[in-house]
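Visitor: Sequence and computational prediction follow.
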Amino acid sequence: SPIPPVSYAIGVWEPQRLVWQAIMLFHFPARALMGYFRRSFTIKIILFPISFFASLSTAASYPYATTHCSTPAYISFCICEYIIVAINSFYYSMVVYEFHSEWVE
């Protein structure tokens, strides 16, 4: 396929991973500069540490759960993964809120 899937961004396939890293690097300044919306910036500042610690928890609990067959660690991984998905959805709903008056023709 000429268009690599998103999962290649974390894979070991060198050309596809570099394409996705370049796309993310290109996209980062636009996301960083959108903070001039005070309310949405404050909400995003609150969401960032939550998603950061949930990401750290998933990074620690999944390997532990798979190597030690620990049910509580796997439950922790699942809950944090749900939190990350919810925060991601909320982030994109904030984008819709910020650009509610814009139209694409």
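Guide: Good, I have the coordinates.
Visitor: Show me this protein divided up by domain.
Guide: Per automatic domain parsing, the structural domains of the chain span 1-35, 37-105.
Visitor: In JSON lines, list those domains along with mean neighbour count and mean pLDDT.
Guide: All C-beta spots, glycine's among them, are computed from the backbone N, C-alpha and C. Formatted as JSON lines, those follow (neighbours: other C-beta atoms under 10 Å; pLDDT from 0 to 100):
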{"stretch": "domain 1-35", "mean neighbour count": "11", "mean pLDDT": "66"}
{"stretch": "domain 37-105", "mean neighbour count": "13", "mean pLDDT": "86"}
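Visitor: Give the other helices and strands that the one helix or strand residue 73 maps to contacts.
Guide: Residue 73 belongs to helix 71-98 when assigned by DSSP states H and E. For helix 71-98, the packing partners by 3 or more C-beta pairs under 8 Å, 6 or more residues apart in numbering; DSSP states H and E come out as helix 38-68.
Visitor: tell me the angle of the helix it packs on relative to helix 71-98?
Guide: 160 degrees (axes from the mean of the first three to the mean of the last three C-alpha atoms, to 10 degrees).
Visitor: Helix 38-68 - contacts with which helices or strands?
Guide: helix 71-98.
Visitor: how distant is the helix it packs on from the center of its chain?
Guide: Relative to its parent chain, helix 71-98 has a centroid offset of 8 Å by C-alpha atoms, centre = their mean, to the nearest Å.
Visitor: Residue nearest the middle of the chain, spatially speaking?
Guide: The centroid of the chain falls nearest to residue 88 when counting by C-alpha atoms, centre = their mean (5.8 Å).
Visitor: if I look at the residue lying closest to that residue once chain neighbours are set aside, how far off is residue 87?
Guide: Excluding its sequence neighbours, the residue lying closest to residue 88 (C-beta to C-beta, 6 or more residues apart in numbering) is residue 51, at 7.8 Å. Computed with C-beta to C-beta, to the nearest Å, the distance linking residue 51 and residue 87 is 5 Å.
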